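>>> Okay, predicted coordinates and the sequence, questions at the end:
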Amino acid sequence: MELTLTGVGTRLGGRWVLDGIDATPPAGHLTGLLGPNGAGKTTLLRLIAGLLTPECGAVLVADRSADPAGAVASGTGGTTARPVDSLTRRARARRIALLEQESTSAVPLTVREVVALGRIPYRTLWGADSDDGAVDRALGHANAAHLADRPWSQLSGGEQQRVHIARALAQEPELLLLDEPTNHLDVSAQLSLLAFVRDLGTTSVAALHDLNLAAAFCEHVLVLSAGRLAAAGHPRDVLRPELVREVYGVDCDVLTHPRTGRPVIAFAEPLPTTAPGVPR
Ligand SMILES: Nc1ncnc2c1ncn2[C@@H]1O[C@H](COP(=O)(O)OP(=O)(O)OP(=O)(O)O)[C@@H](O)[C@H]1O
């Protein structure tokens, strides 16, 4: 799925929290959405998912489907683009998966039942899943197959996170949106999750706090600062010491990974005048 953001802005609680966001995350690749606490990452993911409607600008999605009805703009190569919030709820549920930051489920379900929630948009009128292998595949990809029959409420934070990831994968979306997906995961699970998403071939956008994970796995990064886009591009071009200093108020050196050639950010000290997390 192709995704284009043009001049996207919105207010929450009467305050502009995003403004003038223009971005084109590359189709079929993983884009990292970066920025300090409160920069607007979650809000932008919710706008992209169509859960919020922008007050200005538009979030456009495009594919090569044969039905251009309602399309408002032409994309490249015969694609048609339309505002994401013009898709029906069912179409959005089939095509876009959003893994929210602190997803919780108070209901007494097993892990398999939680993951099967991701299949609801594919159920027939009689409640049958059109692909009864999808839940098991998703559990396997999220390294959660061994948890399938456990009660959801008894899992550790990292295990619950894997199950939420499995639920998003079970949707088999064309656009995968992940809000801090590595939260609670151990280092091995963080690396395997991002490598898996990178290799999916699905257009994916993941809000990440770990700049080194973004540098290692993302094809493209968008850096938000106080609701505006501070930089966009390949991590090698964007994650420079000046940018990290300007956006995060932290001194660092950027090295080159001896095996992958990717940037590695070696942090030094926070700059003395910076209050952590406060957009400047
Ligand atoms: N419902 C709301 N009403 C008013 N303001 C809100 C609401 N939700 C978020 N905000 C504000 O919008 C701004 C952006 O919040 P958002 O959650 O998008 O940031 P974020 O980059 O995801 O932060 P974090 O890294 O801490 O998760 C913040 O200043 C936040 O306080």
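Yep, that arrived.
>>> By mean pLDDT, flag the weakest helix or strand of the protein.
Ranking every helix and strand in the chain by mean pLDDT, DSSP states H and E puts strand 73-74 at the bottom, with a mean of 44.
>>> Looking from the ligand, tell me which residue of the stretch 51-200 of the chain is nearest.
Of all residues in the stretch 51-200 of the chain, the one sitting closest to the ligand is Q101 (6.3 Å; CB to the nearest ligand atom). In this view, the C-beta of every residue, glycine as well, is placed from N, C-alpha and C.
>>> following the least confident helix or strand of the chain, which helix or strand shows up next?
Next along the chain after strand 73-74, taking DSSP states H and E as the criterion, comes strand 80-83.
>>> Remind me what that next one packs against, helices and strands.
Contacts defined by 3 or more CB pairs under 8 Å, 6 or more residues apart in numbering; DSSP states H and E place strand 80-83 against strand 56-63, strand 73-74.
>>> got CSV for those strands, with mean neighbour count too?
Below are the helices and strands packed on strand 80-83 laid out as CSV (neighbours: other CB atoms under 10 Å):
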stretch, mean neighbour count
strand 56-63, 21
strand 73-74, 13
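>>> Return the residues in contact with N183.
N183 makes contact with Q101, G157, Q161 under the criterion CB atoms under 8 Å, 6 or more residues apart in numbering.
>>> Between the helices and strands packed on strand 80-83, which one is closest to Q171.
Closest approach to Q171 among the helices and strands packed on strand 80-83 (CB to CB): strand 56-63, 15.3 Å.
>>> For the closest one, give me every contacting residue.
Identification of contacts with strand 56-63 by CB under 8 Å, 6+ apart yields 1-10, 20-22, 47-48, 50, 72-73, 75, 79-85, 87, 95-96, 174-175.
>>> any chance you could map the strands in this structure?
2-12, 15-23, 30-34, 56-63, 73-74, 80-83, 96-99, 175-179, 203-207, 220-225, 228-233, 250-256, 263-270 (DSSP state E).
>>> Buried deepest among those, which one?
By mean neighbour count, with neighbours taken as mean count of other CB atoms under 10 Å, strand 30-34 ranks first of the strands of the chain at a mean of 27.
>>> Parallel or antiparallel, list what pairs with it.
According to DSSP bridges, strand 30-34 forms sheet pairs with strand 203-207 (parallel), strand 220-225 (parallel).
>>> Contacts for it, please.
Outside strand 30-34, the residues within contact range by CB under 8 Å, 6+ apart are 25, 41, 44-45, 194, 197-198, 203-209, 211, 213-214, 217-224, 235, 247.
>>> what number of residues lie near whichever residue of the chain sits closest to the ligand?
Nearest to the ligand in the chain, going by CB to the nearest ligand atom, is G13, at a distance of 2.9 Å. Neighbour count for G13, taken as other CB atoms under 10 Å: 5.
>>> Let me have the strands of the chain in CSV, extended by distance to V114.
Formatted as CSV, the strands of the chain follow (distance: least, CB to CB, whole Å):
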stretch, distance to V114
strand 2-12, 27
strand 15-23, 31
strand 30-34, 24
strand 56-63, 27
strand 73-74, 37
strand 80-83, 31
strand 96-99, 12
strand 175-179, 17
strand 203-207, 21
strand 220-225, 30
strand 228-233, 35
strand 250-256, 37
strand 263-270, 35
